[in-house]
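Trainee: just need the structure, nothing else, for what follows:
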Amino acid sequence: MSSLFLMVTITDRRSTDAFLQLYEQRGVDVNLCTVGSGTAVRETLATLGLEKTEKAVLLAVVTEDTWRAVRTDLRRKMRIDVPGTGIAFTVPLSSIGGRRALMFLTQHQPLTLKEESSLKDTRYELLLVIANQGHTGAIMDAARAAGAGGGTVIHAKGTGMEGAAQFLGVELVNEKELVLIVAHTLEKNRIMKAIMDGAGPKAGAIVFSLPVTDTAGLRLLEDEEPVQETSAQ
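Mentor: Predicted structure coming up:
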C-alpha cells in the first residue's frame, strides 16, 4: 500500500477542539480520542515550560502527503513548537485489515495504493483493534484461537464516525475500546483475519498493525533463522 501512518497527537485537554478543527480542515478524521496525564517530574516540567495537566491523546490514520500538510499547519497555526503546546508524531502502518476499513480510515485523503515495500522483516508487530465497547471478549477469543496471547484494552471515545456505516455496514457508537496485541509477524495476517471474521458485525472492529521494531527497538531479522510459529505473549 502507499505510505500510511498512525498520527498520534498529545496536547493539553483544553486544546482538543482546536486540534480537531485543524485536522478536519485537512480532511483528517480523528478516529480515537482518549485522556491521559503526564509523568514528567516537577523539575523537568519547569525546564520545558510545561504544567502538569490532563492530556488529550488523538489517534488518526494519515497518508504521507497529508502528514506533510498537517505538520506545516501544526507549526504555523497551532505553534506546536512552543513548549507546552503539545507534540505530534507518526508511526508507519504495516497493514490494515480489509479494504473497507482502509477506505474508511482515509476517506477524505487522496490515496494511491502501491505494493508494500518496507519494514517487512520485523520479528513482532503490534495489532491495534478499534471496536465498539463491550466486545473485547469476542475479539480476544478470536485472536487467541489464531495463536495470539493476551492483550491490553484502552477505553476511548470515537470521533469522526459519521460515515462509518457507508464503509463498514454497521453504526459505530462513540464509546470505544482499543485492544493492543503483540504477535509474531508470521502470525499477524492469520490473527487479523480471525478478528475480522470472529468479532461479529456489532463489534464494528477495525484492525491494523504497526512494526514493533520502530517503537520497541527490536532489530531486523536479516541474518537469523525463521521464527517458529508460536504465540507472542
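Trainee: which residues touch the residue nearest to residue 92 when sequence neighbours are not counted?
Mentor: Leaving aside its sequence neighbours, residue 92 sits nearest to residue 5 (CB to CB, 6 or more residues apart in numbering; 5.6 Å). Glycine gets a C-beta too; all of them are placed from N, C-alpha and C. Counting by CB atoms under 8 Å, 6 or more residues apart in numbering, residue 5 touches 61-64, 67, 90-93.
Trainee: so where's the chain shaky on pLDDT?
Mentor: Scanning the chain for pLDDT under 70 picks out 1-2, 36-53, 113-122, 158-173, 212-233.
Trainee: so residue 196 sits against residue 205, correct?
Mentor: Yes. Counting by CB atoms under 8 Å, residue 205 is a contact partner of residue 196 at 6.6 Å.
Trainee: show me the helices in the chain, by range?
Mentor: For the chain, the helices defined by DSSP state H cover 16-25, 42-48, 64-76, 99-105, 136-145, 164-168, 185-198, 212-216.
Trainee: how near is the closest residue to residue 180 other than its chain neighbours to residue 109?
Mentor: Counting by CB to CB, 6+ apart, residue 152 is the residue found nearest to residue 180 once chain neighbours are left out, at 4.5 Å. Using CB to CB, to the nearest Å, residue 152 is found at 29 Å from residue 109.
Trainee: looking only at neighbour counts, state which of the two leads.
Mentor: Just comparing residue 152 and residue 109: by other CB atoms under 10 Å the higher neighbour count belongs to residue 109, 19 against 9.
Trainee: how about the contacts made by the more buried one?
Mentor: By CB under 8 Å, 6+ apart, residue 109 lies in contact with 27-28, 62-63, 65-66.
Trainee: show the buried residues in the residues you listed.
Mentor: Among these, those classed as buried by 16 or more other CB atoms under 10 Å are 27-28, 62-63, 66.
Trainee: any chance of those in a markdown table, plus distance to residue 175?
Mentor: Listed next are those as a markdown table, based on distance: CB to CB, whole Å:
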| residue | distance to residue 175 |
| --- | --- |
| 27 | 25 |
| 28 | 22 |
| 62 | 24 |
| 63 | 28 |
| 66 | 27 |
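Trainee: nearest to residue 85, out of those: which one, please.
Mentor: Nearest to residue 85 among these is residue 28, at 18.1 Å by CB to CB.
Trainee: so the closest one sits right up against residue 9, yeah?
Mentor: No. At 10.0 Å, residue 28 does not count as touching residue 9 under the criterion of CB under 8 Å.
Trainee: what do these two both touch?
Mentor: Common contacts of residue 28 and residue 9, defined by CB under 8 Å, 6+ apart, comprise residue 60.
Trainee: wait, what's in contact with residue 175?
Mentor: So residue 175 contacts 132-133, 155, 157-158 (CB under 8 Å, 6+ apart).
Trainee: beta partners of the residue nearest to residue 92?
Mentor: With DSSP bridges applied, residue 5 shows beta-bridge pairing to residue 62, residue 92.
Trainee: follow-up on the earlier one: can you list the contacts of residue 175 in a markdown table and add neighbour count and distance to residue 75?
Mentor: Below are the contacts of residue 175 laid out as a markdown table (neighbours: other CB atoms under 10 Å; distance: CB to CB, whole Å):
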| residue | neighbour count | distance to residue 75 |
| --- | --- | --- |
| 132 | 21 | 36 |
| 133 | 16 | 35 |
| 155 | 12 | 31 |
| 157 | 14 | 27 |
| 158 | 23 | 28 |
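Trainee: how about CSV for those, with distance to residue 81 added?
Mentor: Below are these laid out as CSV (distance: CB to CB, whole Å):
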residue, distance to residue 81
132, 37
133, 36
155, 31
157, 28
158, 29
